[in-house]
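**Q** take this sequence and fold it.
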Amino acid sequence: MVVMYIDVVPNRSSPPAVLLRESYREGDKVKKRTLANLSALPAEAIAAVRATLRGQALLPADEAFEILRAEPHGHVAAVLGMMKRLGMAGLLSTRDRPERDLALAMIAARVIAPDSKLATARGLDAETLSSSLGSELGIGRAEVDDLYEAMDWLVGAQARIEKKLAARHLEDGQFVLWDATAVRFDSRTSELAQFGRPKRGGKSESQLVFGLLMTPEGVPVAVEVFAGNTGDPSTVGPVLDRIQERFGLRKVTVVGDRGMLTETRITAELRPRELDWITSLRAPTIRKLHEEGPLQLSLFDERDLAEITSPDFPGERLIACRNPLLARERARKREVLVQATEAKLETLVKTTARQKNPLRGKDRIGVRAGKILGGSKVAKHFRYEVTDDAFTFERNPESIAREAALDGIYVICASVSAEALTAEDVVRAYKELSVVEQAFRVTKDFALEVEPIRHRREDRIRAHVFLCMLAFYVRKHMEQALAPMLFVDHDPRGGGTERRSIVAPAVRSSAARTKIRRECGDDGLPIHAFKSLMDDLATLTKNTVQMGDTEVTFERYARPTELQQRALDLLGVPVSLT
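**A** Have a look, this model is predicted:
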């Protein structure tokens, strides 16, 4: 049985709070919760509500209350509650100003429902709202130009905000992770839009590049936007300037992939600054180490990790690793690519041998073969011959065998001493780069949607990317708190959240395997992806209720389901944020 009543709560130095509450039974326990704060209502309205609850109203029961509007609210409560715990308002500005409130709204909106600024403005406006976000932040009316002005203010405050984040999460002597990626961006007016080759291969396209600086725990600290034709190594200098000059950190260890921390960049940027680094070697260098002797496959007879030396890397540590799972995956991908290339080459063979209109001419056949092999990434694994009227090919088993011998083997290069870090610690630090890669997948693809970029002014583009980073900062902390309910690995003993998806079978913990097998968490509730959990929370509504045909209205929240209450409890936020 559910009983609603009015509770008057005294305040020491303020008028008493008048709360609409309900008590209900859950199992053998009687619980209560606050539905609405009626303190702002006039005394006669509160009396009318009390009379209605006591059954003394003149209206029939089904006409006593009418819901005027139901606003999706649970996901808003979750995001704003976490933002309050993180002190996001103070992070942006210690002064209460309209631009800060709108910036907070845009950050929350990118976690809840990333969209264009026009759609975001309409979702915040009281007349066209799509959730309770605008009303919870006190935004009665929002125009898209107001959001643009808030973006202009935010990008002007970026350096100050990032300095605060660095003070929270970085200190001298620790690791910092840096990586860059490209996003599609077509513009005739912005100099940031330049043609560049995507990392995943393919034709050059108009794009821009952004880099993300993170802690080993996966917390984003800073973001930088570059023109689309900027190579990854060229982004290292600016981020080192930011770390040392803006953040005041003199001694950190930079962790970057082999395309980022090249030997040239190490010599030009890291050594002069007396900074340490951890990176990996490229495949040709690994092959050279194998052919010249330092890297012997017998090193992995007993362990999958061995420290080696080479005169080509004086004063640096080389740690060779073998990953059997990676070896099998590389072998599988190579076979898929070889077979796909074979199919295309077979088509070319048939084109030269057909009876009607056969392809003729050594140059024409060679051009066609070059296009196929040039885009295949496995041209070295084929032998072929081109004549004026024929094309023949076959696999090169020796080439495939040479490459297969090093499948799953990678070599990490580090400047940190053995006294400072063991070989295992160096490998573990390098693997943390997967955190940044996961962040890029979140910000670029299915969640916060850096692209499509709908802005043309350079400062607005930078503000947009910075907004996405701040939204990821909030989402990252939400995922850590909600880990027992999500498809992510976690420590059930409360020791923190691992940054691994349990979708990837290679590194599942026992807790992750249990969740997969049971299809639910330890509490028996279904596990979710982050988005599906937010969708579930959105069904918890904030309702504007009117008393009969009077002008008296108040807010009442829907009762959370067991799953919704569990999520809010993990986040440490109440349904009502007021």
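**Q** state the distance from the spatially closest residue to N11 that is not a sequence neighbour to L577.
**A** Once flanking residues are discounted, N11 sits nearest to A17: 6.3 Å by CB to CB, 6 or more residues apart in numbering. In short, each C-beta sits where N, CA and C put it, glycine included. For A17, the distance to L577 (CB to CB, to the nearest Å) stands at 15 Å.
**Q** go on, R402?
**A** 62 Å.
**Q** can you tell me the average pLDDT over stretch 333-344?
**A** Averaged across stretch 333-344, the pLDDT comes to 94.
**Q** so that it lines up with my notes, have the first residue be 37 from now on.
**A** Taking 37 as the first residue, the last one we looked at is stretch 369-380.
**Q** distance between it and the chain's centre?
**A** Between the centre of stretch 369-380 and the centre of its chain there are 33 Å (CA atoms, centre = their mean, to the nearest Å).
**Q** what's in contact with that stretch?
**A** 408-409, 412-415, 417-418, 429, 431, 436, 439-440 (CB atoms under 8 Å, 6 or more residues apart in numbering).
**Q** out of the residues you listed, which is nearest to H205?
**A** K413 (38.4 Å; CB to CB).
**Q** apart from its neighbours in sequence, what residue is nearest that closest one?
**A** L373 (6.0 Å).
**Q** report the secondary structure state of that neighbour.
**A** Judged by DSSP: H, G, I helix; E, B strand; the rest coil, the three-state class of L373 is helix.
**Q** now the one 3 residues further on
**A** Per three-state DSSP, the secondary structure class of A376 is helix.
**Q** neighbours of it, just the number please.
**A** Neighbour count for A376, taken as other CB atoms under 10 Å: 13.
**Q** now do stretch 104-120, average pLDDT.
**A** Rounded mean pLDDT across stretch 104-120 is 94.
**Q** hmm, I typed the wrong one, I wanted stretch 60-77.
**A** 79.
**Q** what's the first-to-last distance across it?
**A** From its first residue to its last, stretch 60-77 covers 25 Å (CA to CA, to the nearest Å).
**Q** so what touches it?
**A** So stretch 60-77 is contacted by 37-40, 42, 51-59, 81-82, 85, 581, 588, 590-593, 595, 611-612, 614 (CB under 8 Å, 6+ apart).
**Q** how about the strands in the stretch 287-436 of the chain?
**A** Using DSSP state E, counting those that start in this stretch, the strands assigned to the stretch 287-436 of the chain run over residues 289-291, 312-316, 341-344, 353-358, 418-422, 427-431.
**Q** ranking the ones you listed by burial, who's on top?
**A** Sort those by mean neighbour count, taking mean count of other CB atoms under 10 Å, and strand 289-291 sits at the top with a mean of 25.
**Q** partners of that one, with directions?
**A** Partners of strand 289-291 in the sheet, by DSSP bridges, are strand 211-220 (parallel), strand 312-316 (parallel).
**Q** ranking those by mean pLDDT, which is last?
**A** Looking at the strands paired with strand 289-291, the weakest mean confidence is strand 211-220, a mean of 86.
**Q** give me the distance from the very next helix or strand once past that strand to the chain's centre.
**A** Downstream of strand 211-220, the first helix or strand assigned by DSSP states H and E is strand 230-232. Averaging C-alpha positions (CA atoms, centre = their mean) puts strand 230-232 24 Å from its chain's average.
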